[in-house]
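Q: Dropping the sequence and predicted coords here.
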Amino acid sequence: MNALLPIHHDHPAFTGHFPGDPIVPGVVLLDEMLHAIGLQLKTDVSACVIKVMKFLSPVRPGETVSVDFVLADNGLVRFTLHSDDRKVAIGAFNLPAIP
């Protein structure tokens, strides 16, 4: 499955994250990625457990970021974030247990 992450060039995080040479903060990428995956899976991911996340390349204002992900039967979601052909981040998280 995949989804686009809507990080606009005027996102407020850019003003304080390296003014003059802005990049998307990792926490913004993480938040947008979780939101996009939650929408695709039609589930609440707010209580997920991040197992691993590695940032590989910075994202600049105006870049389009997409996420590809796979959901395993055990609730583990593996994901890769891309900007064009460049890997931006990789990782995995567990969906929250449903009581």
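A: Structure received.

Q: For L29, which three-state class applies?
A: Following DSSP: H, G, I helix; E, B strand; the rest coil, we place L29 in the helix state.

Q: what residues are up against it?
A: 5, 7, 55, 59, 65, 81, 88-89 (Cβ atoms under 8 Å, 6 or more residues apart in numbering). C-betas here are computed from N, CA, C, even on glycine.

Q: now with 6 Å?
A: Taking Cβ atoms under 6 Å, 6 or more residues apart in numbering, we find L29 in contact with no residue.

Q: pLDDT value on it, please?
A: For L29, the model assigns a pLDDT of 94.

Q: I98 now?
A: In this model, I98 carries a pLDDT of 60.

Q: Helices of the protein, start to end?
A: Here the chain has its helices, by DSSP state H, at 26-41.

Q: Show me the residue at the heart of it, geometrically.
A: With distances taken as Cα atoms, centre = their mean, the residue of the chain nearest its centroid is M33 (2.8 Å).

Q: Wait, that one touches V67, no?
A: Yes. Counting by Cβ atoms under 6 Å, M33 touches V67, with 5.1 Å between them.

Q: mind listing what the least confident helix or strand in the chain by mean pLDDT pairs with, with the direction of each?
A: Ranked by mean pLDDT, DSSP states H and E, the helix or strand of the chain with the weakest confidence is strand 2-5, at a mean of 89. If you go by DSSP bridges, strand 2-5 pairs up with strand 65-71 (antiparallel).

Q: chain center to the strand it pairs with: distance?
A: Relative to its chain's centre, strand 65-71 lies at 8 Å (Cα atoms, centre = their mean, to the nearest Å).

Q: buried ones in it?
A: 65-67, 69, 71 (16 or more other Cβ atoms under 10 Å).

Q: same question, stretch 37-51
A: For stretch 37-51, burial by neighbour count (16+ other Cβ under 10 Å) applies to 37-38, 45, 48.
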